[in-house]
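K.L.:
what follows is a predicted protein model with its sequence.
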Amino acid sequence: MIAIINYEAGNLASVSNAFKRLDEPHIITDKKKELDEADGIIFPGVGHAQPAMKSLQKNGLDKWLKNTQKPVLGICLGMQLFYDSSEEGGSEGLGIIPGDLKKFDASQAKVPHMGWNTFSNIQNHSLVDSLTTEYYFYYVHSFYAPLNEYTVATCNYIQDFTSVVCKDNYWGVQFHPEKSGKVGSLLLQNFLHHVHGNYHSSN
């Protein structure tokens, strides 16, 4: 069973629909007991970092996320909240992955970065198994994660940024796999294979 975290910044319906298409049992919940019973966690997110963090803190989900040993997949804002902080409202993050989110330079190109884009510099990791630099994923974001040792794939818009990040049981993607068609489904299936023990992360 997959649990999708319900908080005030989630693109819940589209994520749920993606798992329905994969015939994957799942629940949408903000209850820690139900999260504890799940095999894997989806941490979605759209909108602004600061109110999203406040929503997590209100329910104690910030502490739960920082302490869980379960596989967690952060999507878009969910991935960004894994980091230390964001320039967006001076928000703190969960501090799971080192680094600070910056805003794209709007003098260089249109912000937000919106639309289809590809990977570069793909590392060996089961989350991106069978994915190539020819595949396009759907992005909508104004803030970007820096490159660091946990970057598994990069993307370029104005500059290189982290598109996929993996540290221990925390995996994150800047794009929206639930809106990225067949290649997005492939990435979600890679996560599900890991959750259900079909193979293990190489990281």
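P.N.:
Yep, it's here.
K.L.:
ranges for the helices of this protein?
P.N.:
Assigned by DSSP state H, the helices in the chain fall at 12-21, 32-37, 49-58, 61-67, 77-80, 181-195.
K.L.:
mean neighbour count, these: which tops it?
P.N.:
Greatest average neighbour count among these goes to helix 77-80 (a mean of 27), per mean count of other CB atoms under 10 Å. No exception for glycine: its C-beta is placed from N, CA and C like everyone else's.
K.L.:
how about TSV for the helices of the chain, with distance to Tyr139 and mean pLDDT added?
P.N.:
Output for the helices of the chain, formatted as TSV (distance: least, CB to CB, whole Å; pLDDT from 0 to 100):
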stretch	distance to Tyr139	mean pLDDT
helix 12-21	14	95
helix 32-37	27	97
helix 49-58	17	93
helix 61-67	23	97
helix 77-80	12	97
helix 181-195	11	97
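K.L.:
let me have those in CSV, extended by distance to Val164.
P.N.:
Converted to CSV, the helices of the chain look like this (distance: least, CB to CB, whole Å):
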stretch, distance to Val164
helix 12-21, 17
helix 32-37, 23
helix 49-58, 19
helix 61-67, 19
helix 77-80, 9
helix 181-195, 8
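K.L.:
nearest to Leu101, of the ones you listed?
P.N.:
helix 77-80 (5.4 Å; CB to CB).
K.L.:
what are the contacting residues of the closest one?
P.N.:
Contact with helix 77-80 is made by 5, 9, 42-47, 49, 52, 74, 86, 93, 101, 141, 143, 145, 165, 172-174, as judged by CB atoms under 8 Å, 6 or more residues apart in numbering.
K.L.:
are any of these buried, and which?
P.N.:
Neighbour-count burial (16 or more other CB atoms under 10 Å) applied to the contacts of helix 77-80 gives 5, 9, 42-46, 49, 52, 74, 86, 93, 101, 141, 143, 145, 165, 172-174.
K.L.:
among the residues you listed, which lie within strands?
P.N.:
If you go by DSSP state E, the buried ones among the contacts of helix 77-80 have 5, 42-43, 74, 86, 101, 141, 143, 165, 172-173 in strands.
K.L.:
out of those, flag the one nearest to Gly115.
P.N.:
His141 (11.1 Å).
K.L.:
quick check: bridge partners of that closest one?
P.N.:
For His141, the beta-bridge partners under DSSP bridges are His113.
K.L.:
for Leu147, what are its contacts?
P.N.:
Counting by CB under 8 Å, 6+ apart, Leu147 touches 154, 160-162.
K.L.:
same question for Gln108.
P.N.:
Neighbours of Gln108 in contact, by CB under 8 Å, 6+ apart: Ile158.
K.L.:
next one: the one 10 residues further on
P.N.:
Applying CB under 8 Å, 6+ apart, one finds that Thr118 lies in contact with 133-137, 155.
K.L.:
go on, Tyr150?
P.N.:
Contacts for Tyr150 (CB under 8 Å, 6+ apart) come out as 97, 162, 165-167.
K.L.:
now the residues you listed as CSV including pLDDT and distance to Asn117?
P.N.:
Below are these laid out as CSV (pLDDT from 0 to 100; distance: CB to CB, whole Å):
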residue, pLDDT, distance to Asn117
Ile97, 98, 21
Thr162, 98, 13
Val165, 98, 16
Cys166, 98, 19
Lys167, 98, 23
